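# turn this into a model:
(chains A and B)
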Amino acid sequence: MTDLTDRALDTTEKLGATYADVRVIRRRDESIAVKSGRVEGVALGETDGFGVRVLVDGAWGFAASDTLELAEADRVGALAVRVAKASATALRRPVELDGRPRATGTFETPVVEDPFKISLETKIADLVAADRAAGKVKGVTFTESIYTGHREWKTFAASDGSYTEQVLTQVGSAVEANAIDGDEHQRRSYPDAGGGYRAGGYEYIRELDLAGHAEAYAEEAVALLTAPQLPPGRRTIVLDPSMLYLQLHESCGHPTELDRVFGTEASYAGTSFLTPDKLQEGFMYGSELVTIVADATAPGGMGTFGWDDEGVEAQAVPLVRNGRFVGYQSSRETAPRVGLQSSGGMRADGWNRIPLIRMTNVNMLPVPGQSLDEIVADTDDGLYLANNRSWSIDDRRLNFQFATEVAYEIKGGKKGKLFKNATYTGITYEFWRSCDAVGDERSFVMLGTPNCGKGEPSQTARVGHAVPGARFRNVQVGVGKW
Amino acid sequence: MVSRANRLVSPANAAGAPGGGSAVVAAEMARKVSASEPESALALADEVLGRALRIGATEAEVLVMAGDAALTRFANSEIHQNVVERALTVNLRYVVGKRIAVVSTGKVDTDGLRSLVNRAAAITRSCEELDDWAGLPGPAKAAAGAAANAWSDGTAEATPELRAEGVRAVIAAADAKGVTAYGSFSTEAEAVAVANSAGIRSAERRTSSQLLTVHMSPDGGTGYAEGVSMDATEIDAAAIGAEAAAKARAGDRAVSIEAGEYPVVLEEYAVVDITDMLGYLGFSALAVQEGRSFVELGRRIGSDLVTIVDDGEDPNGLPMSFDYEGVAKQRVPLVEAGVCREVVYDSQTAARDGRASTGHGLPAPNPWGPFPLNAVMSAGSTPREELIRGLDRGLLVTRFHYTNVVHPKLAIITGMTRDGTFLVERGEIVGPVRNLRFTQSYLDALAGVSAVSSSRKTIKGFLGAAVVPALRIDAWTFTGVTEF
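Just a heads-up that it's a prediction; the model follows:
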């Protein structure tokens, strides 16, 4: 591969690039979709190509191709330089990159059972068994189950002599039961609507034991059809990890991305309320129980790697410490503007995309003392909300509204009555400041999402979130009328 | 931002549209496919089809997408990202009896194509039969190709310099008003071809372009404008910049108002979310067959003023003559004068209902079902600027942000307003208001449409492009406020 990367780097240097990097990526994806007990789709996808990113006259250019030939390296390298020169015609602040050590080495996701070596028959049989276990429950209208395996071979080379090779492997799966009666459509999914995902191998799919959980979740989907609507009010809520991770994703992960702060996502995903002055003042983002890190080294996280797509080594960066906002997720370009070093958060969605600041594993750290069950036992009157059903937040990441698949009433420390169509809403920092209990290591679990969208052209990132579950006071629930 | 579209993306496309793949090949073996030459894409599809049938497929379908895509992105009134890509995807649906596999690749040398069909054959040996498999669609439903007005040389030949020129015009309009510009200018040219064993051979070339911008004022106002066209040279960058700049300045020093129920005027940028969401939730035959759609044929869901069709030939949109199964796109009336008339079909959902596909299939495998990619909402008789005259006290909304489904069968959606929300009293704009959260049934909204603008805009939506007017709606439920 060095022939192609060297050729592209040589070409860009000859044409005037002051910095260049090349990523050569091969991806393999496998997916199985089962619907109502039938295998609806088995798909394999392969893609490979390379992307060249250059700085010329302080402006960025990028070009990519799926043709791994030396002549194409020349064409793409030259095109990237031409694109950068066009960028320079509308430039007000030339790009400056922070320093970093030359990156060299290899990284590979630890895998116990290679998901691409497990037979397709086995994977299909496991998924069908789970789907049929959900489908046999009386009252279930239809079921859907998915399995995906993803592997990426990534070579990175830069004009400073950096050269790294990585192999990243991730798997995910889910079973989902849907019950419909009239206008009511209820869903329960295990472990999560989009799937439970980990960096690793098929051992994680076995650990999930979809078939062992499917029936109970399906029964709950049916029970929701006749459950009462969650009434509006201000309540104490306990968020299960299956909801807390997305709350964290939307209201802390995205607003701490420094490119959003500087406006480069303004036209699409928006900006951020966490402006640099709030970093200086030590803005109180949450209660003292709230500590959040972006950790690209976390075991099993979908945002775990050796180096980011700028060659910055994986690291753990504090974002919120004991409630105070203390740091950003950043890049080599953005970090120096607030006096920081890159957090190593730049990732691209394949060879044909430019790296952006993406969440690695944005984790809420556990607090010693109480397990999640003990938090429930310690709650006299509240709601336990699990599994996200709907998500929305404003473009500065302040006003959010989430819906969950299920809400259980908590009375006298015990979970009881079921409510349907649960929603809750709030303002980000008010919500996190109302956190008065966080689970300990016993409920700390790595979750994540494979489809975090950002950027134009659209990019999808695989993101991890390890969370313990937590309790929040005085939260508005039951939004809307119907 | 977590995408709703994750299950609509096939593995090959997961690398990022328009697909990907490689060709590490000797020059004499390479199959050259050009976005401007759909016959080259069809030739490749034919070759893969032949290979699949020769090794034992009883049916096969090959979809080839080859494209050049470029995007120039700007923020803080300067270009900060500028990308160009060329990519090719071959998507093979391989059938043995009722066992079906889908494999995709970008490796189009001899070894790559041989591997593609062999892997597909291996999968069919592992998977179960699909008991109601109805077979691939036949040529009677296929398009002859060459949709009217799907291609523009102006877009296909657009250069980084042309996009930069457009961006500079947007920035100049921002500078003139003392605001800052953030947005993107994209161009895409693509050849799409489908060949299958039932005789379909469809191919065409398509182009699209989009320029969008958010302008932000130092005094807090923000404004949005967008232009979409098959022909990039028709996009008036200066006008788009001026529209967003004026809106941003008009939005300065916004004040809070209480959440509650207000009549609204929705600009086209907001209306596209309604057609998108209803397409996603209800206008698919699969949604109806699974019982998750709000659609019942003959059911009234909108006022008499609401008519929505899906029309792949509408020259105001981004035309396409056939779907990703190669079936000719039919003009499908979804809502006529407020009443549900039809839904869109692909070949499998059509077979279940004993009818023909309407040409709305997505690339296989597609557990989500068919989708209306070319929604067109009829214009009304009210001049656009007259819509707010009908508001005694209400809100003018430029667009929505991050909408999502709260209740699927009632089509209750939550989201935020963004980039220009204004209080209107006695038919006049009083001033800007801070953004609001809404939780609103889009069906109730259609039922409350009391005026439709006589002009329309083409706007890119969730998956396709829609042609929509601005609407006046009698009641809209806002459920929260924010700080800006």
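
# tell me the domain ranges of the chain?
No chain specified, so I'll use chain A. According to automatic domain parsing, chain A comprises the domains A:2-225, A:233-477.

# my question was about chain B, not that one.
Split by automatic domain parsing, chain B gives B:4-234, B:254-481.

# of those domains, which shows the lowest average pLDDT?
Ranked by mean pLDDT, the domains of chain B end with domain B:4-234 at the bottom, a mean of 86.

# distance between that one and the chain's centre?
Relative to its parent chain, domain B:4-234 has a centroid offset of 13 Å by Cα atoms, centre = their mean, to the nearest Å.

# A:T304 touches A:A199, doesn't it?
Yes - counting by Cβ atoms under 8 Å, A:A199 is a contact partner of A:T304 at 5.2 Å. For the C-beta atoms, the positions are set from N, CA and C on the backbone; glycine is no exception.

# hang on, the earlier thing: now render the domains of chain B as JSON lines, adding mean neighbour count and distance to chain A.
Formatted as JSON lines, the domains of chain B follow (neighbours: other Cβ atoms under 10 Å in any protein chain shown; distance: least, Cβ to the nearest Cβ, whole Å):
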{"stretch": "domain B:4-234", "mean neighbour count": "22", "distance to chain A": "3"}
{"stretch": "domain B:254-481", "mean neighbour count": "21", "distance to chain A": "3"}
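
# between A:T304 and A:A199, what contacts are shared?
Taking Cβ atoms under 8 Å, 6 or more residues apart in numbering or on different chains as the contact rule, A:T304 and A:A199 both touch A:109, A:464.

# which SSE is B:S450 in?
B:S450 is located in strand B:449-460, with elements delineated by DSSP states H and E.

# next helix or strand past that strand?
By DSSP H and E, the next helix or strand past strand B:449-460 is strand B:465-481.

# re earlier: give me the distance from the strand holding B:S450 to the chain's centre.
That offset, for strand B:449-460, works out to 17 Å (Cα atoms, centre = their mean).

# tell me where the stretch 151-300 of chain A has helices.
For the stretch 151-300 of chain A, the helices defined by DSSP state H, counting those that start in this stretch cover A:202-208, A:210-225, A:241-248, A:258-261, A:276-281.

# and the last one with chain B, contact?
By that I understand helix A:276-281. No - using Cβ under 8 Å from any Cβ of the partner chain, we find that helix A:276-281 stays clear of chain B, coming within 13.1 Å at best.

# quick one: that helix to chain centroid distance?
Distance of helix A:276-281 from its chain centroid, counting by Cα atoms, centre = their mean, is 26 Å.

# give me the mean pLDDT for that helix.
Mean predicted lDDT for helix A:276-281 stands at 97.

# skipping adjacent residues, who's closest to A:R132 in space?
Using Cβ to Cβ, 6 or more residues apart in numbering or on different chains and skipping the chain neighbours, the partner closest in space to A:R132 is A:G37 (4.6 Å).

# to clarify, my last question referred to B:A121.
Per Cβ to Cβ, 6+ apart, closest to B:A121 is B:I55, 5.7 Å.

# surely that neighbour meets B:R119?
No - with contacts counted by Cβ under 8 Å, B:I55 stays clear of B:R119, the gap being 11.1 Å.

# what does the helix or strand containing A:D126 rub up against?
Counting by DSSP H and E, the element that carries A:D126 is helix A:120-135. With Cβ under 8 Å, 6+ apart as the test, helix A:120-135 has contacts from A:32, A:34-37, A:39, A:42, A:115, A:140, A:142-147, A:173, A:175-177, A:202, A:205, A:210-211, A:214-215, A:217-218, B:122-123, B:126-128.

# excluding covalently adjacent residues, which one is nearest to residue 438?
In the absence of a named chain, chain A is used. A:V367 (4.0 Å).

# the intended chain is chain B.
Nearest non-adjacent residue to B:F438 (Cβ to Cβ, 6+ apart): B:F478, at 5.0 Å.

# isn't that neighbour up against B:P263?
No - contact criterion Cβ under 8 Å: B:F478 and B:P263 do not qualify, at 11.4 Å.

# quick check: neighbours shared by those two?
The contact sets of B:F478 and B:P263 overlap at B:L395 (Cβ under 8 Å, 6+ apart).

# show me what contacts A:G263?
With contact taken as Cβ under 8 Å, 6+ apart, A:G263 is in contact with A:271, B:75-76, B:180, B:182, B:216.

# so the residue in the stretch 51-200 of chain A that chain B sits nearest to is in which element?
Closest to chain B within the stretch 51-200 of chain A is A:A86: 3.7 Å, counting by Cβ to the nearest Cβ. According to DSSP H and E, A:A86 maps onto helix A:70-87.

# remind me what that helix packs against, helices and strands.
Counting contacts by 3 or more Cβ pairs under 8 Å, 6 or more residues apart in numbering or on different chains; DSSP states H and E, helix A:70-87 packs against helix A:2-14, strand A:38-56, strand A:59-65, strand B:78-96, helix B:160-177.

# go again with 10 Å.
Helix A:70-87 makes packing contacts with helix A:2-14, strand A:19-35, strand A:38-56, strand A:59-65, strand B:59-75, strand B:78-96, helix B:160-177 when contacts are defined by 3 or more Cβ pairs under 10 Å, 6 or more residues apart in numbering or on different chains; DSSP states H and E.

# mind listing what's buried along the first one?
Buried residues in helix A:2-14, counting neighbours by 16 or more other Cβ atoms under 10 Å in any protein chain shown, are found at A:4-5, A:7-9, A:11-13.

# report the distance from it to the chain centre.
In terms of Cα atoms, centre = their mean, the centre of helix A:2-14 is set 33 Å apart from its chain centre.

# tell me what angle that helix forms with strand A:38-56.
40 degrees (axes from the mean of the first three to the mean of the last three Cα atoms, to 10 degrees).

# which non-adjacent residue is nearest A:F431?
Going by Cβ to Cβ, 6+ apart, A:F431 has A:F472 as its nearest residue, at 6.2 Å.

# got the contact list for the one you found?
A:F472 makes contact with A:235-239, A:244, A:247, A:286-287, A:382, A:385, A:424, A:426, A:430-437, according to Cβ atoms under 10 Å, 6 or more residues apart in numbering or on different chains.
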